[in-house]
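Chemist: Attaching a predicted model along with its sequence, questions to come.
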Amino acid sequence: MAAAAEEITLPVVDLASPEAGKGLMAAFRDLGVASVVNHEVDDPAGLLRAVRNLFLDISSSSQGYIPPFAESGSSLVEAKEGFAFGDIMDLPPDLTERPALERAYADFYRTSRAIVDALETDVPALRGCCDTNATALARLFHYLPSNRDLGSSPHTDWGLLTLVLSDDAADRDAALEVWHDSKWRRVRVPDPTALVVNAGDYLALVSPLRSPRHRVVVRRRHRYSLVFFYYPDYNATVPEPRPDLDLSLFDCQVVADDDLGRTCAADYQGADLTFGDYVARKWREVARPALLAR
Ligand SMILES: O=C(O)CCC(=O)C(=O)O
Ligand SMILES: [Fe+2]
């Protein structure tokens, strides 16, 4: 059972402001998470309705559907079902929510691009990181109330940025939590139209920014989210970690170990690996065919 977390209010960054880059740098340096307003995602409340409807409509044989308990970043069962689509996985043609999701995907892409543009002055390594063959993936989640509390195991994200739209209300019943100053903090987003943005491991490898450890806790209510993973180009090189980088922050999302201190430092070393190959391996590692078969 996860211990109750303290609350933390995310900084709000206005993407339309010339100060957006500075605000994002400060938030990612300190916490690794920000919330952004004046983003490109149209009608967030309507989009969340589409996410909820999708889980009512979708059939378990549909392309992209992830059945309950099919994945976990630890040895624990994660109480969620999901649905994935993106650059390498098309939306099923007959899906009622397809127009809303296609529009949202383009909006999240533009928002991610705007964030990268805002960061480029301070993070020169991002110039050209994601221009030719950028890849992205959208994942919709329906977290189920559970007596084990766990919707998503503690982890860091592997890519460049992760954008999240959810129906969180900063309550104890279901929430995204971030590890900060040696404690879990329940994330509070001050503006209900804002998106949450996490810095991913790739960003932490090419900058002084922090890829935050986070998890999803679900207790007494259902929780819905749309999570947009923005990755660097498929062929981008995974850089060697800087000597001063604290690799204990890079959580290893694998197999039978729930120890928060465990890291995946070896994943990044001597890499000479393309980001695409690297992330494909990460996805293979979190699949849980054995749990599904039970
Ligand atoms: O559903 C969420 O709010 C976040 C899930 C998450 O952290 C992830 O899928 O990487
Ligand atoms: Fe995540």
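Modeler: Noted; the coordinates are in hand. Numbers count the residues shown, from 1 in each chain. Ligands and ions are numbered 1, 2, ... in the order given.
Chemist: Make sure Ala236 is actually in contact with Arg127.
Modeler: No. Using Cβ atoms under 8 Å, Ala236 makes no contact with Arg127, being 12.0 Å away. Where C-beta positions appear, they are placed from N, C-alpha and C, glycine not excepted.
Chemist: out of the two, which sits in the busier spot?
Modeler: Taking neighbours as other Cβ atoms under 10 Å, Ala236 and Arg127 compare with Ala236 leading, 23 against 11.
Chemist: For ligand 1, what's its nearest residue on the stretch 1-150 of the chain.
Modeler: Phe141 (4.7 Å; Cβ to the nearest ligand atom).
Chemist: Report the contact partners of that residue.
Modeler: In this structure, Phe141 makes contact with Lys80, Glu81, Gly82, Gly151, Ser152, Val216, Arg223, Tyr224, Ser225, Leu226, Val227, judged by Cβ atoms under 8 Å, 6 or more residues apart in numbering.
Chemist: what pairs with the second one across the strands?
Modeler: Right, the one you point to is Glu81. His142 (DSSP bridges).
Chemist: any idea how far it is from Thr135?
Modeler: Going from Glu81 to Thr135 by Cβ to Cβ, to the nearest Å gives 24 Å.
Chemist: which stretches of the stretch 1-150 of the chain form helices?
Modeler: Listed in chain order, the helices found in the stretch 1-150 of the chain under DSSP state H, counting those that start in this stretch are 20-30, 44-57, 98-119.
Chemist: Out of the contacts of Phe141, which comes closest to Leu176?
Modeler: The nearest member of those to Leu176, counting by Cβ to Cβ, is Val216 at 5.6 Å.
Chemist: With distance to Leu209, mean neighbour count and mean pLDDT as extra columns, can I get the helices of the stretch 1-150 of the chain in CSV?
Modeler: Listed next are the helices of the stretch 1-150 of the chain as CSV, based on distance: least, Cβ to Cβ, whole Å; neighbours: other Cβ atoms under 10 Å; pLDDT from 0 to 100:
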stretch, distance to Leu209, mean neighbour count, mean pLDDT
helix 20-30, 4, 19, 98
helix 44-57, 25, 16, 96
helix 98-119, 8, 19, 96
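Chemist: Pipe the ones you listed into a markdown table and attach distance to ligand 1 per row.
Modeler: Putting the helices of the stretch 1-150 of the chain into a markdown table (distance: least, Cβ to the nearest ligand atom, whole Å) gives the following:
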| stretch | distance to ligand 1 |
| --- | --- |
| helix 20-30 | 16 |
| helix 44-57 | 11 |
| helix 98-119 | 14 |
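Chemist: which stretch among those comes nearest Asp244?
Modeler: Of those, nearest to Asp244 by Cβ to Cβ is helix 20-30, at 13.6 Å.
Chemist: could you give the angle of that closest one to helix 98-119?
Modeler: Helix 20-30 and helix 98-119 are oriented at 90 degrees to each other (axes from the mean of the first three to the mean of the last three Cα atoms, to 10 degrees).
Chemist: Pull out the CA atoms of helix 20-30 and give them to me as CSV.
Modeler: Extracted in CSV, the C-alpha atoms of helix 20-30 (Å, rounded to 0.1, in the frame of the first residue of the first chain):
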residue,chain,number,x,y,z
ALA,A,20,8.2,30.4,-21.7
GLY,A,21,11.7,29.0,-22.2
LYS,A,22,12.9,30.4,-18.9
GLY,A,23,9.8,29.1,-17.0
LEU,A,24,10.2,25.6,-18.5
MET,A,25,14.0,25.5,-17.7
ALA,A,26,13.3,26.6,-14.1
ALA,A,27,10.6,24.0,-13.6
PHE,A,28,12.5,21.2,-15.3
ARG,A,29,15.7,22.0,-13.4
ASP,A,30,13.9,21.9,-10.0
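Chemist: how distant is that helix from the center of its chain?
Modeler: Remark: helix 20-30 is offset 18 Å from the chain centroid, using Cα atoms, centre = their mean, to the nearest Å.
Chemist: Packing partners of it?
Modeler: Helix 20-30 sits against strand 12-14, strand 33-37, helix 98-119, with contacts defined as 3 or more Cβ pairs under 8 Å, 6 or more residues apart in numbering; DSSP states H and E.
Chemist: Include distance to Val189 when you put the ones you listed into CSV, please.
Modeler: Below are the helices and strands packed on helix 20-30 laid out as CSV (distance: least, Cβ to Cβ, whole Å):
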stretch, distance to Val189
strand 12-14, 8
strand 33-37, 5
helix 98-119, 15
